[in-house]
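return atomic coordinates for the entry below.
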Amino acid sequence: MNKGGGMKKMKYVVVTGGVVSGLGKGVTASSIGVLLKACGFRVTSIKIDPYLNTDAGTMSPFEHGEVFVLDDGGEAVIDKERRGDYLGKTVQVVPHITDAIQEWIERVAMIPVDGQPGPADVCVIELGGTIGDIESMPFTEALGQFSYRVGAGNFCLVHVSLVPVLSAVGEQVSSLKYLYLHFAENKTNSAQCSWAEKLRFDTKYLSLSQHIDYGLAFVLQALEENAKQKLSQFCHVPAENIITLYDVPNIWHLPLLLRDQKAHEAILGVLNLLGIAREPNLKEWTSRAELCDMLLEPVGPSKFQFTYLATVAMFCLRFMYLNHELQVRIAIVGKYTGLSDSYLSLLKALLHASVSLRKKLVVDWIPASDLEDETAKENPDVYKAAWKLLKGSDGILVPGGFGDRGVEGKIIAAKYARENRIPFLGICLGMQIAVIEFARSILGLQDANSTEFDPDTKDPCVIFMPEGSKTHLGGTMRLGSRRTFFQVTDCKSAKLYGNRGFIDERHRHRYEVNPDMVSRLEDAGLSFTGKDETGQRMEIVELPNHPYYIGAQFHPEFKSRPGKPSALFLGLIAAACEKLDSLLHAPKIPNGMAKKISLYPNGNATKFAKIPTDGIYSNCNGVHA
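Numbers count the residues shown, from 1 in each chain. Next up, the predicted model:
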């Protein structure tokens, strides 16, 4: 709607959550964004995590899952006190911290993210954590103040909560107290106070939760009408504004679930946008979600009526789905394989690419250290299992990481992929270890290493960036969007990116390929096809005579989207399926897609059996992280 100044004020949709963390606030916020975009609005988003870390780069993936990097690469800190703006006054949570949070939200929300001039129409804000936790209170207070700051009609609060169902009685109503408890924002005195008393007791904490516009309840099945009425009465939310998000075959169905329950009308009504919104157009999204269903689980006989033709169709489909040629098996050789959330963006990027090429994704997790000789001596069964998975893969992905644990295993995986012509993608550290392996095996530099792992190595293939700091880890990485310039056009990476002269991708690293080693590596056959603007920082490396052997210093997974898969992940999946040549020689790869997805000529798709909600089949050989 906003083409550079058409709308006077930014509209805000704030998504909060209660009862448990990891409930789905993020996917809810993104689904709302998809739905509002389908209604014709420009949308931006903000994620707020209520933690004291000023730099997410110091957090372990085991602590909080994957660290996601945005284009700006920065984190917000309160620096007014450092500059002396408070003139020696005591810095307090209210108003200083809460004001800083509000000012930061207003500033970031105005930054366009879709390449068009001017700010977006709507900013969707996800408040991380759980309402009621002490660390969330400054943010809930700030957002409560913010609702008055931006004014009526410009702020919509969406609260997501869990409605558990006791399996013994199968009842939803009896557990609604948990939902109400978190609307009231205090979990500690539930045994002492009745719900009415509790509401009065917590009035001073209700600046945000008193005006919930729209509630979502996560439940295993559709919310019963009597449960919805109770929620409406307890929480002062209109019953028609309480939406059920129940189990779906994959999370791409959630925008459709919201649309079917007219969530967009409730939100747009609060924001006074209903009159200028169009009906949401989600046809392409629907086809993509149903295609994902079709690829990720075989069709069972209960889904068909047993006419003769239906029986024949059923067996044909079952044969197709169970056929190895329809699936693609990718081995992820990493350090943090004990927690899949550590590599969540990698998994989603693989899924986006596999669905676009109509392949069922199977992920095999391989702890890198399990491939090493030391494991062969200490635990031969684990060693054999890891190698069996690696040798059975169609493609190998080595992601980033910090520290020396498992590095030799990653180098072994890169060597296996290079020597056996298995499609390989190395990201960040994965690119660096590919360079190290090449130097050891091809140049004969047995001491080749990164100074991160061996500061005294005689052949430092990877070195600490000159502008970095080894004593202050926080905020010293090369973070955010950086430009990569292609050095040659006749290479796989350039073709996958549409033969552009340069690309912008997100970075997160402290070490880089040693520029003093580049000429020797290139003379031996390694090609650095992408470099930064100085020509001294290596961004993309390829083996030209290999089916697919690419390393990227940046993290392409952070910009992958459903329907717009990352170019390098698309290349990996295509190479693993032996479809890369046809993909590279296609007239055009729009948004990384080989062609537009269309399930059936009439647009109608059969409903398929349910699958795990993460949408990925995984074979994990244990937790060894």
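
rest of the way, CA atoms for contacts and neighbours
Fine.

outside of stretch 415-426, which residues touch it?
394-400, 414, 431-432, 434, 437-438, 546-552, 568-569, 572, 575-576 (CA atoms under 8 Å, 6 or more residues apart in numbering).

then it to PDB, C-alphas only?
Presented in PDB, the C-alpha positions along stretch 415-426 are these (Å, rounded to 0.1, in the frame of the first residue of the first chain):
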ATOM      1  CA  LYS A 415      38.300 -34.700   1.700                       C
ATOM      2  CA  TYR A 416      35.800 -37.500   1.200                       C
ATOM      3  CA  ALA A 417      33.500 -35.200  -0.800                       C
ATOM      4  CA  ARG A 418      36.300 -33.900  -3.000                       C
ATOM      5  CA  GLU A 419      37.900 -37.300  -3.700                       C
ATOM      6  CA  ASN A 420      34.600 -39.100  -4.300                       C
ATOM      7  CA  ARG A 421      33.000 -36.300  -6.300                       C
ATOM      8  CA  ILE A 422      30.100 -36.000  -3.800                       C
ATOM      9  CA  PRO A 423      28.300 -32.600  -3.900                       C
ATOM     10  CA  PHE A 424      29.600 -30.400  -1.100                       C
ATOM     11  CA  LEU A 425      28.700 -27.100   0.400                       C
ATOM     12  CA  GLY A 426      30.900 -25.500   3.100                       C
END
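
may I see the buried residues of that stretch?
Neighbour counts over stretch 415-426 (16 or more other CA atoms under 10 Å) mark Lys415, Tyr416, Ala417, Arg418, Ile422, Pro423, Phe424, Leu425, Gly426 as buried.

for the second one, give its distance to Leu425.
Here Tyr416 is placed at a distance of 13 Å from Leu425 (CA to CA, to the nearest Å).

now swap in Val382 and tell me
For Val382, the distance to Leu425 - CA to CA - is 24 Å.

kindly report the same for Pro50.
In this view, Pro50 and Leu425 are 34 Å apart by CA to CA.

cool, and Gly115?
Counting by CA to CA, the separation of Gly115 from Leu425 is 29 Å.

low-confidence ranges, the chain, go.
Low-confidence regions of the chain, defined here as pLDDT under 70, cover residues 1-8, 19-22, 51-91, 163-222, 234-236, 296-325, 336-341, 467-476, 587-625.

element containing Leu389, please.
Using DSSP states H and E, Leu389 falls within helix 380-391.

nearest residue to His253 in space, please, no chain neighbours.
The spatially closest residue to His253, leaving aside those adjacent along the chain, is Ala289, at 6.0 Å (CA to CA, 6 or more residues apart in numbering).

list the contacts for that neighbour?
Residues in contact with Ala289 (CA under 8 Å, 6+ apart) are Asn250, Trp252, His253.

cool, Lys360 as well?
Taking CA under 8 Å, 6+ apart, we find Lys360 in contact with Leu295, Leu296, Leu326, Gln327, Val328, Ser354.

could the contacts of Ala289 go into CSV alongside neighbour count, secondary structure and distance to Lys495?
Formatted as CSV, the contacts of Ala289 follow (neighbours: other CA atoms under 10 Å; DSSP: H, G, I helix; E, B strand; the rest coil; distance: CA to CA, whole Å):
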residue, neighbour count, secondary structure, distance to Lys495
Asn250, 19, coil, 31
Trp252, 21, helix, 29
His253, 20, helix, 32
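
ok, so of those, who is nearest Asp260?
Minimum distance to Asp260 across the contacts of Ala289 is 10.5 Å, recorded for His253 (CA to CA).

roughly how far apart are the closest one and Ile32?
From His253 across to Ile32, the span is 12 Å (CA to CA).

my guess is His264 meets Leu258, correct?
Yes. Counting by CA atoms under 8 Å, His264 touches Leu258, with 7.3 Å between them.

which of the two has more neighbours?
Between His264 and Leu258, counted using other CA atoms under 10 Å, His264 has the larger neighbour count: 23 against 20.

where do the helices of the stretch 501-625 of the chain begin and end?
518-523, 567-576, 580-584 (DSSP state H, counting those that start in this stretch).

what is the end-to-end distance of stretch 393-404?
Start-to-end, stretch 393-404 (CA to CA) is 25 Å.

tell me what the helix holding Leu389 is packed against?
Packing contacts for helix 380-391, counted by 3 or more CA pairs under 8 Å, 6 or more residues apart in numbering; DSSP states H and E, involve strand 360-367, helix 373-378.

how about the ones you listed, which one is nearest Thr529?
strand 360-367 (28.4 Å).

doesn't Ser345 belong to a helix?
Yes. Assessed by DSSP: H, G, I helix; E, B strand; the rest coil, Ser345 belongs to a helix.

how about it: what's its closest non-neighbour residue?
Glu557 (5.7 Å).

quick one: residues contacting that neighbour.
Contact analysis of Glu557 by CA under 8 Å, 6+ apart lists Ser345, Leu346, Lys348, Ala349, Ser566, Phe569.
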